[in-house]
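Participant: Based on what follows, work out the 3D shape:
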Amino acid sequence: MKKEVTPQDIEQMRKSTVNLHQAFPGDNVAVAVFCSREYLPIAATTLQSVIAHTSLQRNYDLLIVSSGVLEEEAKGLQSLVRGRENCSIRVVDGSPFMELLYQGLRQEDFWWNLHECLRLYVPFVCRNYEKVVCLAADVIAQTDVAGLYDTELGDHFLAAIHMFYGRLVDRKRKTIQEKYKEPWELEDVNSWRMPPNIYRVKLGISQEQPSFNGDVMLLNIPLLTKGEFFKNGLNLLFRDRWRTLTEAVYMKLLKHKMIRLEMEWNVPSSHDPYDEWGTLDADETEEYTELVRHAKVFHFMGAANKKPWINPAAPLGWLWWKYARETPFYERVLSMTIGTMVETRGSETEAYAKKMLNEWRKMPSIKLKMRILRLVRQFTFGKTRRNLKEKERALKTRIRKFRAMIR
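Facilitator: Residues are numbered from 1 along each chain as shown. Modelled structure (predicted):
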């Protein structure tokens, strides 16, 4: 039976969370970065990029929303703003929220990081704020985020962007639809394969109100804390089990009350983050190049080979490492990266060795089969003879590849 969030759960959450207030009484640019403890060094890099572009004329209230952060790790984060009187860093414990989340999703085997749901927790824990810039741990700022914070929200719940690669997704989806006339019965709302009509029905999104990326958002806290957004969002999450989790919750509940930001505030480090949506045409290539040139926030999203802390040669990886070196977690990030590279290289070597062994075992039968085909071909004519010759050529190529592999 799926869990329903009760008023008692909400009240217990209030008692378990700190009554957080703004760090500065006057001008207070609030920035919340959500992450798991494992991603803390990555989130520290995000904070360092934000701090590097702060203005002396503004005050910056920086929050790390996570769970299980150790005291020495919190001290390491504090060192990022040492000597900066206009910057404050605090760690917000998201453990009470994560416990409630695990209760509601306990029967599900999620392969992604559930800590991304902390973006739903940010408005709850920052309920005494006016606005909060909400960032994922895999972004870096290239400008003063006060420019984003100053965006007028009015009666809108949030501001976010529709990602640049959305047009590639739409193009691929259209190709799929033309090839497969029957609608795909997919529950995965984050899949580009889902026909737009199913996507819109599931999330209630129209062409005029497309989906958005939730890793860079400006939240209107008074509106989000008014009513039962937090409770309704969690119940929606527990009931529908969206793959995109709280991103889908924000879309479904707030789709008509958002402002679309300029794309410069969330530029993917690669135009095709998942290596599956295709290439850009000439105009799109020029547009993306221009977007990178004027990017205000870079987003290292997508497959593992796009993450600089996993693949140092990732697109724009050098830029990410520039900020990582300035954090007290640099050695920890290096060990993560080296460990991942050794593990990946080890698995690749093992797979390569297994492939070689299998081919070596099959070589005698492949050679025998090739000789039989050559013999039989002498007694055939026309199309049959051509087919046999093609099969013989394929086996011969396979033998050549094996010989090339062992040299």
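Participant: Quick check: can you list the domain ranges of the protein?
Facilitator: Annotated domains of the chain cover 7-328, 349-406 [automatic domain parsing].
Participant: possible to save the ones you listed as CSV with mean neighbour count?
Facilitator: Every residue, glycine included, has its C-beta placed from N, CA and C. Below are those laid out as CSV (neighbours: other C-beta atoms under 10 Å):
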stretch, mean neighbour count
domain 7-328, 18
domain 349-406, 12
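Participant: For the ones you listed, could you give me CSV that also reports mean pLDDT and distance to residue 334?
Facilitator: Below are those laid out as CSV (pLDDT from 0 to 100; distance: least, C-beta to C-beta, whole Å):
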stretch, mean pLDDT, distance to residue 334
domain 7-328, 82, 9
domain 349-406, 77, 22
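Participant: Which among those is found nearest to residue 336?
Facilitator: Nearest to residue 336 among these is domain 7-328 (6.0 Å), distances taken as C-beta to C-beta.
Participant: And for the helix or strand containing residue 389, what's in contact with it?
Facilitator: Per DSSP states H and E, residue 389 falls inside helix 382-406. With contact meaning C-beta atoms under 8 Å, 6 or more residues apart in numbering, helix 382-406 is reached by 356, 359-360, 363, 366-367, 369-370, 373-374, 376-377, 380.
Participant: Please repeat the previous calculation with a cut-off of 7 Å.
Facilitator: Contact with helix 382-406 is made by 356, 359, 363, 366-367, 369-370, 373-374, 376-377, 380, as judged by C-beta atoms under 7 Å, 6 or more residues apart in numbering.
Participant: can you map out the strands along the stretch 1-150 of the chain?
Facilitator: Under the criterion DSSP state E, counting those that start in this stretch, the stretch 1-150 of the chain contains strands at 29-34, 60-66, 87-93, 131-136, 139-141.
Participant: Same list, these, but as CSV with distance to residue 329 please.
Facilitator: Formatted as CSV, these follow (distance: least, C-beta to C-beta, whole Å):
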stretch, distance to residue 329
strand 29-34, 13
strand 60-66, 12
strand 87-93, 13
strand 131-136, 17
strand 139-141, 15
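Participant: how close does residue 334 sit to residue 321?
Facilitator: Taking C-beta to C-beta, to the nearest Å as the measure, residue 334 falls 10 Å from residue 321.
Participant: my bad, residue 75
Facilitator: For residue 75, the distance to residue 321 - C-beta to C-beta - is 23 Å.
Participant: Once you drop chain neighbours, what's closest to residue 249?
Facilitator: Among residues not flanking residue 249 along the chain, residue 233 sits closest, at 4.4 Å (C-beta to C-beta, 6 or more residues apart in numbering).
Participant: A strand includes that neighbour, no?
Facilitator: No - if the criterion is DSSP: H, G, I helix; E, B strand; the rest coil, then residue 233 is helix and not within a strand.
Participant: ok, it touching residue 254?
Facilitator: No - with contacts counted by C-beta atoms under 7 Å, residue 233 stays clear of residue 254, the gap being 9.3 Å.
Participant: how near is residue 50 to residue 64?
Facilitator: Taking C-beta to C-beta, one finds residue 50 at 11 Å from residue 64.
Participant: Equivalent analysis for residue 24, please.
Facilitator: Going from residue 24 to residue 64 by C-beta to C-beta gives 17 Å.
Participant: now do residue 46
Facilitator: Distance from residue 46 to residue 64, by C-beta to C-beta: 9 Å.
Participant: which residues does residue 34 contact?
Facilitator: So residue 34 contacts 65, 115, 118-119, 122, 136 (C-beta under 7 Å, 6+ apart).
Participant: Just say helix, strand or coil for the spatially most central residue of the chain.
Facilitator: When C-alpha atoms, centre = their mean is applied to the chain, the residue found nearest the centroid is residue 301 (4.5 Å). For residue 301, the assignment made with three-state DSSP gives coil.
Participant: does the closest residue to it other than its chain neighbours count as helix, strand or coil?
Facilitator: If the residues on either side of it in the chain are set aside, residue 301 comes closest to residue 273, at 4.8 Å by C-beta to C-beta, 6+ apart. Recorded secondary structure, residue 273: coil (three-state DSSP).
Participant: wait, doesn't residue 273 sit right on residue 306?
Facilitator: Yes - between residue 273 and residue 306 there is a contact under C-beta under 7 Å: 5.6 Å.
Participant: chain center to stretch 143-154, what's the gap?
Facilitator: 23 Å (C-alpha atoms, centre = their mean, to the nearest Å).
Participant: which residues are contacting that stretch?
Facilitator: With C-beta under 7 Å, 6+ apart as the test, stretch 143-154 has contacts from 29, 31, 50, 53-55, 58, 131, 133, 159, 218, 220, 259, 265, 296.
Participant: Filter the residues you listed down to just the ones in helices.
Facilitator: Members of these lying in helices (criterion: DSSP state H): residue 50.
Participant: wait, which of the contacts of stretch 143-154 is closest to residue 13?
Facilitator: Nearest to residue 13 among the contacts of stretch 143-154, with distances taken as C-beta to C-beta, is residue 220, at 20.6 Å.
Participant: What distance do you get for the closest residue to the closest one other than its chain neighbours to residue 130?
Facilitator: Computed as C-beta to C-beta, 6+ apart, the closest residue to residue 220 that is not its neighbour in sequence is residue 153, at 4.4 Å. To residue 130, residue 153 is 9 Å away according to C-beta to C-beta.
Participant: Then residue 300?
Facilitator: 29 Å.
Participant: repeat for residue 335
Facilitator: Between residue 335 and residue 130 the computed distance is 40 Å (C-beta to C-beta).
Participant: quick one on the thing from earlier: residues in contact with the residue nearest to the centre of the chain?
Facilitator: 138, 215, 268, 273.
Participant: next one: residue 329
Facilitator: 41, 44, 76.
Participant: The last one touches residue 328, doesn't it?
Facilitator: Yes - using C-beta under 7 Å, residue 76 is in contact with residue 328, at 4.1 Å.
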